[in-house]
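**Q** fold the stuff below for me.
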Amino acid sequence: MTTLSIQPPFPAFTDIDGQPLENGYVFVGTANLNPVTNPISVFWDAALTQPAAQPVRTLGGYPMNSGTPGRLYVNSDYSIQVQNSKGSVVYSSPAAGERFSDVVVTVDSSSVAFTQAGSGALTTTAQAKMRQRVSILDFAGVDPTGATDSTAGITAAITYAKTLLAPELIVDYGTYLTSGPLTFDLPNHSTIRFLGLIRSSVSNNPAIRIGSASANTFGLTATGIKVQRTSFDTDALSASAGVQLRNLVASYVDIRRVEKFYDGVLCFGDQANGGFSYNEVHLGFIHDNLRNLYLTASGVGYCNENNFYGGTFNHSSGYPAVATTNLFINHFATSVLNNNRFYGPSFEDNTAIATAAVINGDNNVIFWPRMENPAIQPTYQIQFTVNARECRVIGHGFTMVNTNISDLGSGNMYETRNGAVMRYQTTATAGQAVLKLQSYATGSAKVLSGLDAAGTERSYITGDGDLWVQRAVTVQGVPTAGTAGALTLGIGTQNTVGAAGGASALPATPLGYLRFWIGTTEVAIPYYNRV
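**A** This next block holds a predicted model:
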């Protein structure tokens, strides 16, 4: 509970003897001049709207306003002279500067000094310090209630921020209705903080563009981006985008929510020596867009070497019945999109005509995706197109099996619950292998062990080249030397004993037999000591 002390509500003037000034006169004038001959405007209210006629008369020591005690207000320093009822001077002050506590005084921030704490801190002005950050609410026409269109006001804030060296632009808390694109083409190393939500009715344009259409932007930071379209856009003729990330290089972008656009997040490069590359993009709720995340390029640009983290990609039960794609890497033959990496995306969709991902380009990699679509779980797919080369899915993710992969490209690799497909351009030279296994401890250690369904070891290969198989070894093919199907045991030839051209003189009883199954027939081949 707040407590307040009781103070006299009106000031009082006294006579020479200290008694309240009866029927006295108060003159207020220009500082350092005679107030009787150089009066200034005096008012009965702090808003300076009720003029007080001079000299002001007193009753019981109080200045009287139509028979009622009052206070006197001015908006500058002043001189003052007080006279008693006989016109004798009680006191005079040539330069008074006192203010009553409830007087509102406007102070220009450019005249207020600001010094940061700490040794070596420089002194600047409050205005310069505050202008290091730009809020969209600093500009007319910006409505945080979402009732009126804020496009022009936000654009004015962006235009001003672009005149600064590396500003911080803040989209304050609230909801902002827009009807046109907002292009945040700020200088290199600027910061954009989205605290509020953009609701847009834009068509044939992005609701929010981060970056420039005419130059590369380096080192930008944009966080908390939230944008929603006022209605679903599934028409290629309108082709809106929620967030277009354009020609950013080595930048950090955090997108929390994008809904109801043709392209939710569109990453695009069309500038040389940069394009859209080397960026870190964090993704949140990316739902109900025809293509939730779309990467492409044109002209002399490219879209390469970017890292994307997270993202929940989905379509609600109210979304129109049209084919959708959660991740789409476009085919751009001029400069193939390559080395884009996606960490832990959740392709958790509900529609029966959805595709998890369409992958073009070179060496694009998805790490541990979640693959869930109750409507078409066995055929919900990540698709490597004919233009996908050496792309990868690493980690089998949630419920992913071989039917969740379509591979029409070359050299692509993937891992599912049904196993892993590994493809490398190995050469037929010594030491080259698709998979090389080694134990540093000892060559006799097992480098490959085969287990049955119960977990019991049934076969193994050691680093020394020993092979142990508990059950059958099947060799098929035409058994000609050096081709598939040939089986060679040992090396060298067996000499026989006897006359030249005669029968061999082998013992009647062999040392043992090599036993094989040929089809369903078991055969035994005798063997002897070599001589």
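**Q** end to end, how far does stretch 28-40 reach?
**A** This stretch, stretch 28-40, spans 6 Å end to end (Cα to Cα, to the nearest Å).
**Q** ramachandran coordinates for Arg392?
**A** Note on Arg392: its backbone torsions stand at phi -150, psi 150 [degrees, to the nearest 10].
**Q** next one: it from Ile353, what distance?
**A** Going from Arg392 to Ile353 by Cβ to Cβ, to the nearest Å gives 26 Å. The way it works is simple: take the backbone N, C-alpha and C, and place the C-beta from them, glycine included.
**Q** between the two, who's got more neighbours?
**A** Taking other Cβ atoms under 10 Å, Arg392 and Ile353 do not tie; Arg392 has more neighbours (22 against 12).
**Q** contact partners for that one?
**A** Contact analysis of Arg392 by Cβ atoms under 8 Å, 6 or more residues apart in numbering lists Asn363, Asn364, Val365, Ile366, Asn412, Met413, Tyr414.
**Q** cool, and Asn418?
**A** The neighbourhood of Asn418, defined by Cβ under 8 Å, 6+ apart, consists of Val401, Asn402.
**Q** cool, and Gly146?
**A** By Cβ under 8 Å, 6+ apart, the neighbours of Gly146 are Gly174, Thr175, Tyr176, Leu177, Arg199.
**Q** quick one, helices of the chain?
**A** Remark: helices assigned in the chain by DSSP state H are 126-130, 151-161.
**Q** I'd like the ones you listed written out as TSV, with mean pLDDT added.
**A** Below are the helices of the chain laid out as TSV (pLDDT from 0 to 100):
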stretch	mean pLDDT
helix 126-130	74
helix 151-161	97
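**Q** and those helices as TSV, adding mean neighbour count and distance to His282?
**A** Shown next, in TSV, are those (neighbours: other Cβ atoms under 10 Å; distance: least, Cβ to Cβ, whole Å):
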stretch	mean neighbour count	distance to His282
helix 126-130	13	30
helix 151-161	19	23
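**Q** just so I know, which of those helices lies nearest Gly455?
**A** Closest approach to Gly455 among those (Cβ to Cβ): helix 151-161, 62.8 Å.
**Q** output the lowest mean pLDDT helix or strand found in this structure.
**A** The helix or strand of the chain with the poorest confidence is helix 126-130; it has a mean of 74 (mean pLDDT, DSSP states H and E).
**Q** ok, residues contacting that one?
**A** With Cβ under 8 Å, 6+ apart as the criterion, helix 126-130 contacts Asp108, Ser109, Ser110, Val112, Ala113, Phe114.
**Q** quick check: bridge partners of Thr325?
**A** Note on Thr325: beta-bridge partners Arg291, Thr355, judged by DSSP bridges.
**Q** residue contacts, it?
**A** The contact partners of Thr325, by Cβ under 8 Å, 6+ apart, come to Leu290, Arg291, Asn292, Ala354, Thr355, Ala356, Ala357, Val358.
**Q** now do Gln383
**A** Counting by Cβ under 8 Å, 6+ apart, Gln383 touches Thr355, Ala357, Val358, Ile359, Ser406, Leu408.
**Q** what residues are up against the third one?
**A** Just to be clear, that refers to Val358. Going by Cβ under 8 Å, 6+ apart, Val358 touches Thr325, Leu327, Phe328, Ile329, Gln383, Thr385.
**Q** if we go to 7 Å?
**A** Contacts were defined as Cβ atoms under 7 Å, 6 or more residues apart in numbering; by that measure Val358 touches Thr325, Phe328, Ile329, Gln383, Thr385.
**Q** and for the second one?
**A** Ala357 sits next to Asn326, Leu327, Phe347, Ile366, Ile382, Gln383 when contact means Cβ under 7 Å, 6+ apart.
**Q** over to stretch 79-93 now: how far is its first residue from its last?
**A** Distance across stretch 79-93, first residue to last, is 6 Å (Cα to Cα).
**Q** where does the stretch 1-150 of the chain dip in pLDDT?
**A** Applying pLDDT under 70 to the stretch 1-150 of the chain flags residues 1-4, 97-106.
**Q** show me where it has strands.
**A** Listed in chain order, the strands of the stretch 1-150 of the chain (DSSP state E, counting those that start in this stretch) span 25-29, 56-59, 62-65, 68-69, 78-83, 89-96, 113-115, 123-125, 133-135.
**Q** so for the longest one, what gets flagged as buried?
**A** So that's strand 89-96. Buried residues in strand 89-96, counted by 16 or more other Cβ atoms under 10 Å: Val90.
**Q** and the angle for that strand with strand 78-83?
**A** 180 degrees (axes from the mean of the first three to the mean of the last three Cα atoms, to 10 degrees).
**Q** now tell me what touches strand 89-96 from outside.
**A** Here strand 89-96 has contacts from 15-16, 21, 31-32, 77-84, using Cβ under 7 Å, 6+ apart.
**Q** in its sheet, what does that strand sit against?
**A** Applying DSSP bridges, strand 89-96 is found paired with strand 78-83 (antiparallel).
**Q** ok, which of the strands of the stretch 1-150 of the chain comes nearest Val434?
**A** strand 133-135 (55.9 Å).
**Q** check which residues of that closest one are buried.
**A** Val134, Ser135.
**Q** adjacent strands (with direction) for it?
**A** As defined by DSSP bridges, the strand partners of strand 133-135 come to strand 168-171 (parallel).
**Q** wait, Val243 touches Val227, no?
**A** Yes. The pair Val243 / Val227 is scored as a contact, 6.1 Å apart, by Cβ atoms under 7 Å.
**Q** can you work out which residues contact both of those two?
**A** Here Val243 and Val227 share the contacting residues Ile208, Val258, scored by Cβ under 7 Å, 6+ apart.
**Q** quick one: the helices of the chain as JSON lines, columns for distance to Asp464 too.
**A** Output for the helices of the chain, formatted as JSON lines (distance: least, Cβ to Cβ, whole Å):
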{"stretch": "helix 126-130", "distance to Asp464": "74"}
{"stretch": "helix 151-161", "distance to Asp464": "69"}
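**Q** which of those sits closest to Asn338?
**A** That would be helix 151-161 among those, by Cβ to Cβ, at 32.6 Å.
**Q** now that closest one - C-alpha only, PDB.
**A** Output in PDB follows, covering the C-alpha atoms of helix 151-161 (Å, rounded to 0.1, in the frame of the first residue of the first chain):
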ATOM      1  CA  THR A 151       2.300  -1.400 -44.100                       C
ATOM      2  CA  ALA A 152       3.200   2.300 -44.700                       C
ATOM      3  CA  GLY A 153       4.200   2.900 -41.100                       C
ATOM      4  CA  ILE A 154       6.500  -0.200 -40.900                       C
ATOM      5  CA  THR A 155       8.000   0.700 -44.300                       C
ATOM      6  CA  ALA A 156       8.800   4.200 -43.000                       C
ATOM      7  CA  ALA A 157      10.600   2.600 -40.000                       C
ATOM      8  CA  ILE A 158      12.600   0.400 -42.300                       C
ATOM      9  CA  THR A 159      13.500   3.300 -44.600                       C
ATOM     10  CA  TYR A 160      14.900   5.300 -41.600                       C
ATOM     11  CA  ALA A 161      16.800   2.300 -40.200                       C
END
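**Q** which residues sit in contact with the spatially most central residue of the chain?
**A** In the chain, the centroid-proximal residue (Cα atoms, centre = their mean) is Asp254; its distance is 1.9 Å. For Asp254, the contact set (Cβ under 7 Å, 6+ apart) comprises Ala222, Thr223, Gly224, Ile225, His282.
**Q** list just the nearest of these to Met64.
**A** Set against Met64, the nearest of the contacts of Asp254 by Cβ to Cβ is Gly224 (59.0 Å).
**Q** how about that closest one, what does it touch?
**A** Gly224 neighbours (Cβ under 7 Å, 6+ apart): Arg193, Phe194, Leu195, Asp254, Arg256.
**Q** and the nearest residue to the first one once chain neighbours are set aside, bridged to which residues?
**A** Going back to what we said before, that points to Arg193. Computed as Cβ to Cβ, 6 or more residues apart in numbering, the closest residue to Arg193 that is not its neighbour in sequence is Ile170, at 5.0 Å. Legend: beta-bridge partners of Ile170 under DSSP bridges are Ser135, Arg193.
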